[in-house]
Each structure stands twice: as C-alpha cells, then as structure tokens.
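Novice: what's the 3D shape of this:
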Amino acid sequence: MKQVLNKLFSYQSLERQEAREILSNLASGKYNQSQMAAFLTVYLMRSITVEELEGFRDAMLELCVRVPVDEFDAIDLCGTGGDGKDTFNISTLSSFVVAGAGQNVVKHGNYGVSSFCGSSNLLEHFGCKFSNDISRIKNSLEKSGICFLHAPLFHPAMKNVAPVRKELGVKTFFNMLGPMVNPAFPKNQLVGVFSLELARLYGYLYQNTDKNFIILHSLDGYDEVSLTGDFKAITRQSETVYNPTDLGLVQVAADELSGGNTIEDSASIFRKVLRDDSPLQHKEVVLANAGLAIATGKSLPFEEGIAEARESIESGKALKAFESFLEANA
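Specialist: Just a heads-up that it's a prediction; the model follows:
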C-alpha cells in the first residue's frame, strides 16, 4: 500500500486491473485502518479516472452476493450521496411512488455516512427487517413491487472498510460506486450524482453497458432533481439541461428540502408525502424524480412519467406499495 499511496500522492493514476486488485485487497483486510483511511481520502483531493472507477466497480461486483431477479425487469433509484445538502429521503420516497405506478423497483441502499439518515436508517425506523434471502426478496417484489437490498448484506467483504468510512464521516469513492454495484444488476437505472464531473464519468461508463439509464445532476450541487434550479439529464440518446418549468413543476427553495434533524423528522416527511398530505414542494420534488424513473423504466416521455407518478400518490397506490412492502419485510 505504501507504493500505491506514493503513486497517488504524486498525481499518478491506477490502471483498471490495478484498481480492481487494490479494492479486493481492501475488502479482504490486507491493509491496516490507517492505510485504508489514507487511500479513501485521496479521491477527495484529486479526481478519479474512468479506469479507476471501472476497476473498483469490477471488484465490488465480483465480490457481491448476487440477486437473480431479472424476471421482474426492475429499476433502481439511487443517488451517490455526498452532496452535503441534507435533503429528505427523496430517492427512497420516489421508489415507492414508482412501485405504486406499476414499475418494479430493486432499491439498493445503506446507512447514512455523510448524512444522518440514509435509506437503511429510514426503512429500519419503519420496522423493515433487512435480508439477503432470495425468496424473501422475490416475495417482497411480488407483494409490493419493490424490494430493498441493504448493501452490507450483499457486499460482506466491505465489512473491513465500513468502520473506517463511518469514522471519516465524509464522502469517499464508495459514494461514487454505490449506484454502480447493485447486486441485482438491474437493467434499468436512475442515478443521481453529486458533480458534473462524476455525471460525465457515469455517462461514459454506462454507455458501455446494456443498461437503460438516466443520470441526473442538479447544477447547484444536488445528486437528484432538486427543483431548486436547472438540472442535467444524461441518457443513452442525449445530454440535456432542463428547468423545473420544462416539466410543468414548481421551482423550490433549498431550505424547503431539509430532512430535519432526526430520523423521526425524515419519517414524518416520508409519511406525509405518501399520504398526499405534504407541502407542495416536497410532493413536486418526489414527482420529478419518480416521474423520470417511470419514464426511463417504461420508455415514456418525461411528462407521461410525471403524470403516472402523480396518479400513484393521489390514488393511494404509492402508500399501498409502502404498506405492502413493510408487511413483506416485517
């Protein structure tokens, strides 16, 4: 590791295979915690390359517990996190709206690292019991149209890295990897990223897969469509900047997206949106992200996807999907 660190500190980059081997060594406990911490923080100070990101991804996918649910043709809605915005759980909420609209969802998530309330924190608060049992996962999809893959159960080799990430408490390249390493290998994916640079890297990598994807970045720094201003959407066919009004939605202020100070605060927002009893700003942001996911999964125009998301909330189907999910995962 000393040689690797010296190489990185001198602004040299890793080859794809070299990056794959290093991450495999990290996972198998070949490095001590100080070495791991130094390696993880390098990418806060210098840009990651396509080859490095590919190599890290390759290792994670080789080591994961695979989830064979191809028959559900599901989509994942996953942000990198690490944008420092402390919004409410937009992608998790949007996932249940998407499921309510009839598009199966295989949601990959974890406890918060750079925020206090990740998707796992929130769903655990509601009583969800995490499992990597394939029959339970398929039952959840059949009963509610959505399953949740709690990352540590599917990436067990990462147990050596998890304590270091938690102690650091800042985004690392694992934030960049999260959406790429869903163990169900979904063919459909909505990805939110925290920077334009990472959006470009993701766009390049996803063009070389068979995924049906949309990559989102709000230009004022959010890893999702925040409706606080313009956002960029990258698909296989195009790269376009949109304004909230282009989607028929309202523009919102940054302070209207706060997730609060506790998990209970986040849970309260979650319930209100699904019950269609939330402030307009919360509902509109969820409609934007869920609508784009529905449009991606069903190959619809964005406006039609947003209309289906609205119907999912207002008809109670999104709430029903959430209640059925909790029953299946109790």
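Novice: and the strands in the stretch 151-300 of the chain, which stretches?
Specialist: 188-192, 212-218, 231-235, 239-242 (DSSP state E, counting those that start in this stretch).
Novice: point to the residue nearest the middle of the chain.
Specialist: Among the residues of the chain, the smallest C-alpha distance to the mean C-alpha position (CA atoms, centre = their mean) belongs to Cys78, namely 1.8 Å.
Novice: pLDDT wise, what is it at?
Specialist: According to the per-residue confidence, Cys78 scores 90 in pLDDT.
Novice: cool, and Thr228?
Specialist: The score at Thr228 is 96. That number is its pLDDT.
Novice: identify the residue nearest Lys138 in space, chain neighbours excluded?
Specialist: Excluding its sequence neighbours, the residue lying closest to Lys138 (CB to CB, 6 or more residues apart in numbering) is Val69, at 6.3 Å. Any C-beta I mention is one placed from the backbone N, CA and C, and that applies to glycine too.
Novice: who touches that neighbour in this structure?
Specialist: 106, 134, 137-138, 141, 147, 184 (CB atoms under 8 Å, 6 or more residues apart in numbering).
Novice: in helices, which of the residues you listed fall?
Specialist: Within the contacts of Val69, residues falling in helices by DSSP state H are 134, 137-138, 141.
Novice: any quick PyMOL command for the buried ones out of the residues you listed?
Specialist: Only the buried members of the ones in helices among the contacts of Val69 enter the following PyMOL selection, criterion being 16 or more other CB atoms under 10 Å:
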select buried, resi 137+138+141
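Novice: okay, the ones in helices among the contacts of Val69 in CSV with pLDDT next?
Specialist: As requested, the ones in helices among the contacts of Val69 are arranged in CSV below (pLDDT from 0 to 100):
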residue, pLDDT
Ile134, 97
Ile137, 98
Lys138, 98
Leu141, 98
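Novice: could the ones in helices among the contacts of Val69 go into CSV alongside distance to Ile263?
Specialist: Below are the ones in helices among the contacts of Val69 laid out as CSV (distance: CB to CB, whole Å):
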residue, distance to Ile263
Ile134, 29
Ile137, 24
Lys138, 28
Leu141, 26
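Novice: which members of the ones in helices among the contacts of Val69 are the farthest-apart pair?
Specialist: Spanning the widest gap among the ones in helices among the contacts of Val69 are Ile134 and Leu141, at 10.7 Å by CB to CB.
Novice: deepest-packed of the strands of the stretch 151-300 of the chain, please.
Specialist: A comparison of the strands of the stretch 151-300 of the chain by mean neighbour count, using mean count of other CB atoms under 10 Å, puts strand 188-192 on top with a mean of 26.
Novice: name the single longest helix found in the protein.
Specialist: For the chain, the helix reaching the highest residue count under DSSP H is reported as helix 280-298.
Novice: and Leu93, what does it touch?
Specialist: Each residue near Leu93 by CB under 8 Å, 6+ apart is listed here: 270, 273-274, 286, 290.
Novice: top of these by neighbour count?
Specialist: Ala290 (34 neighbours; other CB atoms under 10 Å).
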